[in-house]
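Peer 1: Kindly return the folded structure for what I paste below:
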Amino acid sequence: QLQLVESGGGLVQPGGSLRLSCAASGFTLDYYHIAWFRQAPGKEREGVSCISSSGDNTNYADSVKGRFTISRDNAKEMVYLQVNSLKPEDTAVYYCAARRRVFRLCSLFVDYNYWGPGTQVTVSS
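Peer 2: This next block holds a predicted model:
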């Protein structure tokens, strides 16, 4: 059974950092592009970042470029999102999602098939 589980969220002050983790099980991570999405209360879900199955292609939303970094370790079946210089507007539930590789490049504008339950990130002083 394919599963994704996020961890690493929490309460952090503006300007702080967190490392979000996404643990995959039940499938071979090598064959999947992975993306991070987020959803704040009352707002639509937003694509944050994605990484291709091999890790050689990444994309970021303009709102997080230069502050967030996505990475993966296929051997450990893990994907990470390092989030730095956090702002109150980054407050949201963060989800990781998987999509089986069809094209070499990942995209934030396609459907992802598998989702984790999410981890809450709250940025507040």
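
Peer 1: Spell out for me which residue occupies the centre of the chain.
Peer 2: Residue closest to the average C-alpha location in the chain (C-alpha atoms, centre = their mean): W36, at 2.3 Å.

Peer 1: Check whether it really touches S21, as I assumed.
Peer 2: No. If you go by C-beta atoms under 8 Å, W36 and S21 don't touch, sitting 10.8 Å apart. Quick note: C-beta positions are derived from backbone N, CA and C, even for glycine.

Peer 1: between those two, what contacts are shared?
Peer 2: Any residue near both W36 and S21 by C-beta atoms under 8 Å, 6 or more residues apart in numbering counts here, and that gives V79.

Peer 1: before we move on, the earlier item: surely the residue nearest to the centre of the chain is in a helix?
Peer 2: No. Using DSSP: H, G, I helix; E, B strand; the rest coil, the assignment for W36 is strand, not a helix.

Peer 1: ranges for the strands of the protein?
Peer 2: With DSSP state E as the criterion, the chain has strands at 3-7, 10-12, 18-25, 32-39, 46-51, 58-60, 68-73, 78-83, 92-100, 114-115, 119-123.

Peer 1: Pull the CA coordinates from the longest one and hand them back as PDB.
Peer 2: It refers to strand 92-100. Output of strand 92-100 as PDB, limited to C-alpha atoms (Å, rounded to 0.1, in the frame of the first residue of the first chain):
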ATOM      1  CA  ALA A  92      -0.400  26.400   6.200                       C
ATOM      2  CA  VAL A  93      -0.800  22.700   6.200                       C
ATOM      3  CA  TYR A  94       2.000  21.300   4.100                       C
ATOM      4  CA  TYR A  95       1.400  18.100   2.000                       C
ATOM      5  CA  CYS A  96       3.700  15.900   0.000                       C
ATOM      6  CA  ALA A  97       2.400  14.200  -3.000                       C
ATOM      7  CA  ALA A  98       3.600  11.700  -5.600                       C
ATOM      8  CA  ARG A  99       3.000  11.300  -9.300                       C
ATOM      9  CA  ARG A 100       4.500   8.500 -11.400                       C
END
